[in-house]
Structure formats: C-alpha cells, structure tokens
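In: Next comes the sequence, and after it the predicted model I'd like to discuss.
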2 protein chains.
Amino acid sequence: MHNEELKWIENALNSLHETGRMGDLHWRATYTEEDKKGLKLLEQWMQEKNLEIFYDDIGNLYGKIEGEQDKIVLTGSHRDTVKNGGRYDGALGVICAIAAAGSLYAELGKPKKSVEVVAFCEEEGSRFLSGYLGSCYLTGQLSDEIMQQRDVEGITVTEAIKRAGFDENKTKKAPQMSDVERFVELHIEQGGVLEQGGEQVGLVTSIVGLLIGKIIIGGHQNHAGTTPMNLRKDPVTRAAQFIVDMNKWAMTYGEDITCTFGEIQVSPNKSNVIPESVSLSFDIRSTSSDILQEAEERIKALEQLQDGFNYTLEFMPLDAPAQMDEAGLKMLEAAAKELDLSYRKMHSGAGHDSQIIAQKTKTNMIFVPSIGGISHSPLEYSKIEDIGRGYLLLKAFLREIAW
Amino acid sequence: MHNEELKWIENALNSLHETGRMGDLHWRATYTEEDKKGLKLLEQWMQEKNLEIFYDDIGNLYGKIEGEQDKIVLTGSHRDTVKNGGRYDGALGVICAIAAAGSLYAELGKPKKSVEVVAFCEEEGSRFLSGYLGSCYLTGQLSDEIMQQRDVEGITVTEAIKRAGFDENKTKKAPQMSDVERFVELHIEQGGVLEQGGEQVGLVTSIVGLLIGKIIIGGHQNHAGTTPMNLRKDPVTRAAQFIVDMNKWAMTYGEDITCTFGEIQVSPNKSNVIPESVSLSFDIRSTSSDILQEAEERIKALEQLQDGFNYTLEFMPLDAPAQMDEAGLKMLEAAAKELDLSYRKMHSGAGHDSQIIAQKTKTNMIFVPSIGGISHSPLEYSKIEDIGRGYLLLKAFLREIAW
C-alpha cells in the first residue's frame, strides 16, 4: 500500500514539474499559463481522491473533506516555484497533503474534523515582490498596497487575478481562520542540516525572523598609488572590517543566527582607484527576536560613529520569528518514534507560509532532507525514501488530529 | 620676467587642454586627431623658443638646443591624458620644460650640454593598455608584442602610428640613451601629501614598484537562511578577512606601502544567497622590492591553505621600484634652499616615464602640489603660484646641469 502511494507521489511530482517548463527554464509563477496547467492537475488529483475543490478570491486552491465537526485541519503548501527552481519546493507539501488526506479518507472514511488541503499561490515572491500572497490573504493580512504591486511587466496583482480567469462557479469564501484549528506543512529542508546529521525527518520548532536591508559606506575616492594608507578613507577596508566583526559576533550565537552579505557593489570599482563607496546587503535571520534586535542595533550603531565615513542604512520591514505549536511538536515526536524514524528538532532558516499561518493558529512543519542542501535550483533533490518517511509522518499526524 | 613666463605657462596649459576636448569629455589619446592638434601647438611653442624639433619613430616629439658637448640633458613629460582627465598630468612637465629651456637659452645662449625637451607619447595606457610607449621606445624596451597591442577598435600600435601620418621630413633617430646624461621630469604630485604637509615642492626619492593582479576566492553557494554559519564556505567573509589582514600588515610599514582592493565582483551577487565566488583586484605599491616580494608571498600563501576555499591567483608582471639619482636629489635640495622653497623628499606612488628612463640614466623628478590630491579627473588642479615654484626649481636645476 505505502509503495503505491509513494509511486503516486513520485509521478505527481514529475507531472506537476512539467507544467512549469518554459523552454530551457523551469518557472511556475502564479496566475500564469504554467500555473493554470499545474492547477488543472491538482484539481484532477483532488477530485480523484474525493476531495471537494474550490478557490478563494486570491486564487488559493482547496480540496475539502467534510468532517463531523466544523473545526478545520488545514494542510498543504504553495504551488508556485522560483524562476529556474526545482521540483520539490512547495509542490512536495501540496502533493503529499493530497495523497495523505485522500488515502486516510479512503481507509477511515469521514474524519471528525474537516480536512482541507491547500495549494497556496505566490509564496516565493517570484512574480510579485512581497510573496506569501496566498497565506496573507487567508489570514487577512493582504493590504490594498500589496494588491497594487506590479510584476516586471507592470501588471498589478488585482489585474493578474482577473486575467487568470478563475472559474466563478468554483470560487467560494476562504475558510475562516477562527475555524482552522491547526495547520501542518510538509516541506523540503532547503539546507544541509539533516543530511549532515543523518536524521530522516526534521521537526520544526520555529521559523526564523528576518532582518534585511542595505548599508552604504561612503569614503573618499582617491588614487591607489599616491594616497598614503593613513590619509585614506577606503570604504572597502571599512566594509571588510564590518563583515568580519558581524561574523565574529554571529558565531558566538552558534546555530541561533545566520548572517549573510551576499550582494556587494563597489563604486567606481576600478583596480587602481580607492573606491568612493561600497554598498552591502545584509540578510540576518534568527529564531530569537532579541538577537535580531541586537543585530539591528549593531548596524544602526554605524551611524553614530565619528570615523570619517558616511553611513546610509536601509531596513526592510522586520519579519518576526514564528514559533511552531509545542503540543503539535510533541505529537510529531511521538509519531516519529512510533514509526521508528530518526528526527531532529530544528528551526527553519527559510521563510514559509507556515510563518504567516502561525500568527493565527497552531502550526507545525515537517522537513524532508534536501540532498546537498540545494534549493531554488534545478538541482534541488530529495530521495524518494526520505519523502516516503516524511509522508508517513504527515499522514500519522493528520490521522491523530483529524480522524 | 618670471611673471611673464608664468603667464605663458598658464596660457599654454589652457590652450593644450583645449586640444583634448571631445564634446563634454576631455581625452587626448596618442595618435589621434586630438594628439595632432596638441602636437601642432607644442611644435609651434618649441620653434618660437628656438628649439629644433624632430620626432622619433614611435612619435615622441623633441625640441633640441644644441650644446657644446655631445652629452644630452633630457627633460619633459608625456603629452597624452587619460580619458576624462585634467589639464596638468603630463602637460605641465612638457610645457614647463619648453619654457625653462627656451628662457635659459634666451638668457644664457648655447649650453655646455645639449638640452632636449621631450613630449612622450602614450604614457597613460589610455589607448593602448601597457602605457609608457614613448619612454620604453627611447630606452629600447619596446617589444614586438607591445607594437601589436590593439586599442578598443582593434587598431595595433604599428597601424595607429602609420595612420597618424607623422611627417617623414621631421623624423630622425631617437637620441642614444648612452648620450643622455640626465633626465628630469616635473609633474603634479597626484596625491595629497604636499598639500597636507604644507610644502611647496616635492623632491622625488623613488618611484614605487607595483604588484597588481586578481584573487578569485571560490566557496560554496548556498541558501542564506538554511545554511548554518559553521557549515558555510562564504567567500565574502573569507575575502573580508583577507582584506583586513592585508591592511593590518600594510599599516605596519607606514608610508612605505599602499594596498588597495578597488574592484570587487561577487557572484551571483544576490542578497539571500551565500555567494559562489568573490573576485578581488589587488594594487600594492612600494618603494621597496623586499616589501613587494613579501606582499606577493602573502598572496601566494593563499593557495597553500587547506581551508576549503578554492583560490585562483592572477599576477601581472611586477613593476620594480625605481630609485632617483642621489647626486641630482642633492642638487635639487640645494637649489630649493637657494630659492627659499620649502620642500619634502618623498616617493612617487604613481608611475611615470621617469621610472622607465631611470633604468638607463640618472633621473630626477620634481613634484608640484595637487589640490585635494585629485588627478585623472577634470577636477585636477594645481595653483599657478605652486607651478611657478616648481618651474623655478626645474630651471635652476637645468641651468646647473646643462649650462
């Protein structure tokens, strides 16, 4: 039985992946022709498994199994991919949720609580910048401003939804979050922690908060040969010292923080010129709001320095860390032991719809190992036997909370 | 008398500057229409001052005053500018040499030694990459390889000279270096040392050698959120540590070294991705060959590290430091004292034709203060009274060694 389900999941991953093909590229962005092809498959699979399909106004697809009570157990993930993405990120959580809910329904009949499988739209922010459109809509956090955001072709979210032409007959009101008792999302890890540690599944304890922005360090442009070291204001040297200091500081917190300066622009960027300025992106993530606040203070302290450099800081709105449900985590641990799965309790360093949903209801995540920790890449890969283990755990958890 | 000469120099600087105008840009590259216009003025001024003009085969322009002996005293600088350059770099040394030789000739008649004023071509390397074409030709260091170098339009040096169409009747054999007893070059400082120190002229003790090239640090590209700090191979962090270490090391040598990392390329340069690689230019200058060698060893040591990063090093051929003539320096000091000029003995952090000529004959340089240390820029500026002081010193020196 399990092997058949696994075979179905593997085939579904491959078929859904094909819908994102754009020549040599793979990209299933929301409200596009690729999305439409993907949704056709998802609708078909939900219906085959006797889930009742509907859309909400933002274009999230749901497959519902009516329960004895009004309470809803929600499960799923997002259906969109990044540009040049892989076949697991998002897709795996949607497909496993369809398979698990469908097979539990077939085995056990009507659940106590309603089970709804969701395929969220636009989590990645690969078409519209802000991302999490589907989960923000469901939790009532979608501002008019976001609806007026434009893609690279200048099309707004509102207009894109209209052009996508969702079937009005299939559109219903989104579930009330007050009715949603729990949400559970299965996802690939996207990092190398499970593979390195040799654990079979990850049980997520929290999702990191995110402090991102830019630091521009202005110095004095000058001739590389004729300006003695002690007369310089070289922003490259200053930036290097800041990167070293921040890394040293971050390392003192071990796994509780990541700190990345991934984008650097030097101006004028000529080998024989002491640069005028250096722009430095920062991407700092932590499960602890206190650590993020300390990072922010460390960056803001630059502005107070009287060191002859000119600091310009840009901060994006802070993404707060999200805690997963403790009782749910204990149930997952117990189920993993029952299934004889080795597991690691870990935080998620990537953002997920779960962090949005966690603000409104009890939320948990299951991670499946990513080979080489690679994601957002065509090389994204998870072994089918690892997927099978994560799937069994999802199924056991759904059974316990809904049936 | 001196005021008239100074007025003449100021006007000549302005007129020669005009010949480099290309719309909004200023650029007098060698063998171009702008160069031709500049040469027409230089020929005219030399002839007005009774200097006998001729060209050599590479296109250096000379203005000769026949002396009683065969020995030659050479003075001058280069006539080309960088793209978007100023009005002093190169031009000042040529114009002051014409003025000084011409007025000494008028005042004192035939010199003991022949005096030749030279306007070198292509010192900056702004049209052909390697630079110093004129002085390398004069000193017999111009390889066939360099003659086959192409400009951005694919024209070789040989072809460019042909197209420039120098008058065969004006072309003669270049002076034999064995006949050239001394060379002296007046030039703007291009740094802020004299302005900071308040000295009126700079007496150059040596010209720095130059170690330049590129370091490519390869790491492991990964997700900025899901890769714990201790599992990373982040080339930005590694590069930052290297820059900090090299700067710390350089500072221990005070003014004897400069160390610049002016050009940085991060790949893929995305804020939420730990980069795959960082490419870093290095520009290290010192008056000491030992220090340059130590710098080279420090960079090469990267390749021996077993730290999980992949280092690729590119070195350009080493430019050795050039020592100025000590007896000449003493004469310049004595002359400066005689003229009541405050002076600083200093090295040159920029390259000059003098460093090429110094390999073959006794060579000295006089620096005039640069306001704000700015050069290779339309903002390049030296005060006319500072120019006057440097000019008087050049004249006194020429008088002593040639008349």
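Out: Structure received. Residues are numbered from 1 along each chain as shown, chains lettered A, B, ... in the order given.
In: can you map out the helices along chain A?
Out: Applying DSSP state H to chain A gives helices spanning A:2-18, A:33-48, A:91-108, A:133-138, A:144-147, A:157-164, A:193-197, A:235-251, A:289-300, A:326-338, A:353-357, A:384-402.
In: Quick one, which of those gets closest to B:Val204.
Out: Counting by Cβ to Cβ, B:Val204 lies closest to helix A:235-251 out of the helices of chain A; the figure is 27.0 Å. For the C-beta atoms, the positions are set from N, CA and C on the backbone; glycine is no exception.
In: For the stretch 201-350 of chain A, just list every one of the strands.
Out: Ranges of strands in the stretch 201-350 of chain A, per DSSP state E, counting those that start in this stretch, are A:201-207, A:209-218, A:222-223, A:257-260, A:264-267, A:273-274, A:277-286, A:310-315, A:322-323, A:343-348.
In: and those strands, which is most packed in?
Out: Most buried of the strands of the stretch 201-350 of chain A by mean neighbour count (mean count of other Cβ atoms under 10 Å in any protein chain shown) is strand A:257-260; its value is a mean of 26.
In: Give me the contact status of that one with chain B.
Out: Yes. On the criterion Cβ under 8 Å from any Cβ of the partner chain, strand A:257-260 is in touch with chain B at A:Ile257, A:Thr258, A:Cys259, A:Thr260.
In: re the thing from before, looking at the helices of chain A, which is closest to chain B?
Out: In terms of Cβ to the nearest Cβ, the element of the helices of chain A nearest to chain B is helix A:235-251, at 3.8 Å.
In: buried residues in that closest one?
Out: Across helix A:235-251, burial judged by 16 or more other Cβ atoms under 10 Å in any protein chain shown covers A:235-244, A:246-247, A:250.
In: Check stretch A:353-367 too.
Out: A:353-358, A:360-367.
In: what's the lowest-mean-pLDDT helix or strand in chain A packed up against?
Out: None of the helices or strands of chain A scores lower by mean pLDDT, DSSP states H and E than strand A:222-223, at a mean of 84. Strand A:222-223 makes packing contacts with strand A:273-274 when contacts are defined by 3 or more Cβ pairs under 8 Å, 6 or more residues apart in numbering or on different chains; DSSP states H and E.
In: helices and strands around the strand it packs on, which ones?
Out: strand A:222-223.
In: and with 7 Å instead?
Out: On a contact count with 3 or more Cβ pairs under 7 Å, 6 or more residues apart in numbering or on different chains; DSSP states H and E, strand A:273-274 meets no helix or strand.
In: residue contacts, the residue nearest to A:Asp151 when sequence neighbours are not counted?
Out: Distances taken as Cβ to Cβ, 6 or more residues apart in numbering or on different chains place A:Arg127 nearest to A:Asp151, at 5.0 Å, with adjacent residues excluded. Shown in contact with A:Arg127 (Cβ atoms under 7 Å, 6 or more residues apart in numbering or on different chains): A:Ala29, A:Thr30, A:Asp151.
In: can I get the residues you listed in CSV with distance to A:Lys214, neighbour count and pLDDT?
Out: Output for those, formatted as CSV (distance: Cβ to Cβ, whole Å; neighbours: other Cβ atoms under 10 Å in any protein chain shown; pLDDT from 0 to 100):
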residue, distance to A:Lys214, neighbour count, pLDDT
A:Ala29, 26, 23, 94
A:Thr30, 27, 29, 95
A:Asp151, 23, 18, 90
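In: how about the closest residue to A:Gly90 other than its chain neighbours, what does it touch?
Out: Leaving aside its sequence neighbours, A:Gly90 sits nearest to A:His78 (Cβ to Cβ, 6+ apart; 4.0 Å). By Cβ under 7 Å, 6+ apart, the contact set of A:His78 is A:Gly90, A:Phe120, A:Glu123, A:Gly134, A:Asp353.
In: Please repeat the previous calculation with a cut-off of 8 Å.
Out: Counting by Cβ atoms under 8 Å, 6 or more residues apart in numbering or on different chains, A:His78 makes contact with A:Gly90, A:Gly93, A:Val94, A:Ala119, A:Phe120, A:Cys121, A:Glu122, A:Glu123, A:Glu124, A:Gly134, A:Asp353.
In: May I see those organised as JSON lines, with distance to A:Met147 and pLDDT added?
Out: Listed next are these as JSON lines, based on distance: Cβ to Cβ, whole Å; pLDDT from 0 to 100:
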{"residue": "A:Gly90", "distance to A:Met147": "22", "pLDDT": "97"}
{"residue": "A:Gly93", "distance to A:Met147": "25", "pLDDT": "98"}
{"residue": "A:Val94", "distance to A:Met147": "24", "pLDDT": "98"}
{"residue": "A:Ala119", "distance to A:Met147": "20", "pLDDT": "98"}
{"residue": "A:Phe120", "distance to A:Met147": "16", "pLDDT": "98"}
{"residue": "A:Cys121", "distance to A:Met147": "13", "pLDDT": "97"}
{"residue": "A:Glu122", "distance to A:Met147": "12", "pLDDT": "95"}
{"residue": "A:Glu123", "distance to A:Met147": "16", "pLDDT": "95"}
{"residue": "A:Glu124", "distance to A:Met147": "18", "pLDDT": "92"}
{"residue": "A:Gly134", "distance to A:Met147": "13", "pLDDT": "97"}
{"residue": "A:Asp353", "distance to A:Met147": "18", "pLDDT": "97"}
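In: Out of these, which two are the most distant from each other?
Out: Farthest apart among those - using Cβ to Cβ - are A:Gly93 and A:Glu122, which lie 15.1 Å from each other.
In: where's A:Pro268 relative to B:Gly373, distance?
Out: A:Pro268 sits 16 Å away from B:Gly373, going by Cβ to Cβ, to the nearest Å.
In: If you could redo that for A:Asn84, that was the one I meant.
Out: Taking Cβ to Cβ, one finds A:Asn84 at 47 Å from B:Gly373.
In: before we move on, what about A:Glu255?
Out: According to Cβ to Cβ, A:Glu255 stands 48 Å off from B:Gly373.
In: Likewise for A:Glu145?
Out: 48 Å.
In: hmm, stretch A:197-208 touching chain B?
Out: Yes. Using Cβ under 8 Å from any Cβ, stretch A:197-208 reaches chain B at A:Val208.
In: can you give me the mean pLDDT across that stretch?
Out: Averaging pLDDT along stretch A:197-208 yields 97.
In: Could you give the separation of that stretch from the chain centroid?
Out: The chain centre lies 14 Å from the centre of stretch A:197-208; the measure is Cα atoms, centre = their mean, to the nearest Å.
In: what's the span of that stretch, first residue to last?
Out: 20 Å (Cα to Cα, to the nearest Å).
In: returning to what we had before: go through the helices of chain A and find the least confident stretch.
Out: Minimum mean pLDDT among the helices of chain A: helix A:144-147, a mean of 91.
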